[in-house]
Structure formats: structure tokens, C-alpha cells
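Novice: Can you look at this prediction? I've put the sequence above it.
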Amino acid sequence: MQGKILLGGALVAVLLTAGCGGAPRNDAGQVTAPATTDAFQVKVGDCTGDLSSGTVSDVGLIPCDQPHYYEAYASLQMTDTTYPGESATQDQAGTFCSDEFKKWMGISIDDSKYGDGVRFFYPTSSSWEMKDREILCFVGSDSGGVKGSLKGSKK
């Protein structure tokens, strides 16, 4: 079974692929209608519903011009030849997402009202065996209500 881990603050969730189809997208690749998809279909610039703790089987994608919870803002393909372990993978994801935050938001993570709203997906040992190497960073709010892209928002 493939999986992704979502981590941020005290929030931990295992995301398992559910075989859901992709979201409807326009020619620019933006989600055009709410849809449910698996964690491996989420792309930088996608906005999501709640990324709650616990085990979930899918991710709700929402057009960014509609109220949402999170937005994917950076992606990295890990280059390790073998799975580095959960702790090392978490550390790499945390560092990468923190470093990329200012590039997306236009403000440092420490100065942002969304600084506590950073979450990330990272490979598990089992998804690594299926060639999953992606770290995917999210910014937003646990209470939702984000409207529009946060890219360059300096919030």
C-alpha cells in the first residue's frame, strides 16, 4: 500500500492512495471545480480542503478562488538512493518547506500570520519502494477560510 505522511506542528496524518481520479483542470493546470483525488495528484499551486490528522484516503482539491484550507507551494524530489528513514525525511521536508516559504509568500515564515500553518507530505518507507520521492509543502489555516492564492501575498 502506498502512503504519504502529512506533518506540521503536532499534526500527523497518513495519506493512502485510494485510486481516486484527478481533479478537473484548465489549460493552465488550475483546478476548476472541487474534486477528490489521491495525495499523489496534488501539485504546486493546488488548494485543498482540510488536511486533518489521522488516516485519510483522499485529498479534497478546491479552486483557489473559493474558500479553502491549504495551498501547495513547493515540491522537491528527494535524491537519496535508499530511504533515509522517517526522522531524516521529516527533517529534510521541514528544512525545505521553511526555506521555500519566503519565495512563495514574499515574507519570512517568522513574520507571516501563516507561519504556523505550514504542513508537508513526504514519502514513507512503503511509498519509497513505489518510487515516491516527493516532498510537497502546504501553507494555510487549520480553520479554513483562505480565499485566493497566497503566492506573493506577504501575509
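Specialist: Perfect, thanks for sending it. Numbering: from 1, shown residues only.
Novice: What sits closest to residue 103 if chain neighbours are left out?
Specialist: If you skip the residues right next to it in sequence, residue 103 has residue 74 as its closest partner in space, 7.4 Å away by CB to CB, 6 or more residues apart in numbering. No exception for glycine: its C-beta is placed from N, CA and C like everyone else's.
Novice: Quick one: list the elements packing against the helix or strand hosting that neighbour.
Specialist: Secondary structure from DSSP states H and E places residue 74 in strand 70-77. Applying 3 or more CB pairs under 8 Å, 6 or more residues apart in numbering; DSSP states H and E, we find strand 70-77 packed against strand 47-48, helix 86-105, strand 134-140.
Novice: Now do residue 39, the pLDDT please.
Specialist: Among the per-residue scores, residue 39 shows a pLDDT of 83.
Novice: Now the phi/psi pair for it, please.
Specialist: Here the main-chain torsion angles of residue 39 (degrees, to the nearest 10) amount to phi -60, psi -30.
Novice: swap in residue 83?
Specialist: Taking degrees, to the nearest 10, you get phi -60, psi 120 for the backbone angles of residue 83.
Novice: for the protein, what helix or strand is lowest in average pLDDT?
Specialist: In the chain, no helix or strand scores lower on mean pLDDT, DSSP states H and E than strand 11-16, which sits at a mean of 35.
Novice: Which SSE is immediately downstream of that one?
Specialist: As assigned by DSSP H and E, the chain's next helix or strand after strand 11-16 is strand 35-37.
Novice: what are the pairing partners of that next one, and which direction each?
Specialist: Strands adjacent to strand 35-37 in the sheet, as given by DSSP bridges, are strand 59-62 (antiparallel).
Novice: quick check: mean pLDDT across the partner strand?
Specialist: In this model, strand 59-62 carries a mean pLDDT of 94.
Novice: Just checking the distance from it to the centre of its chain.
Specialist: Strand 59-62 has its average C-alpha position 11 Å from the chain's average C-alpha position, going by CA atoms, centre = their mean, to the nearest Å.
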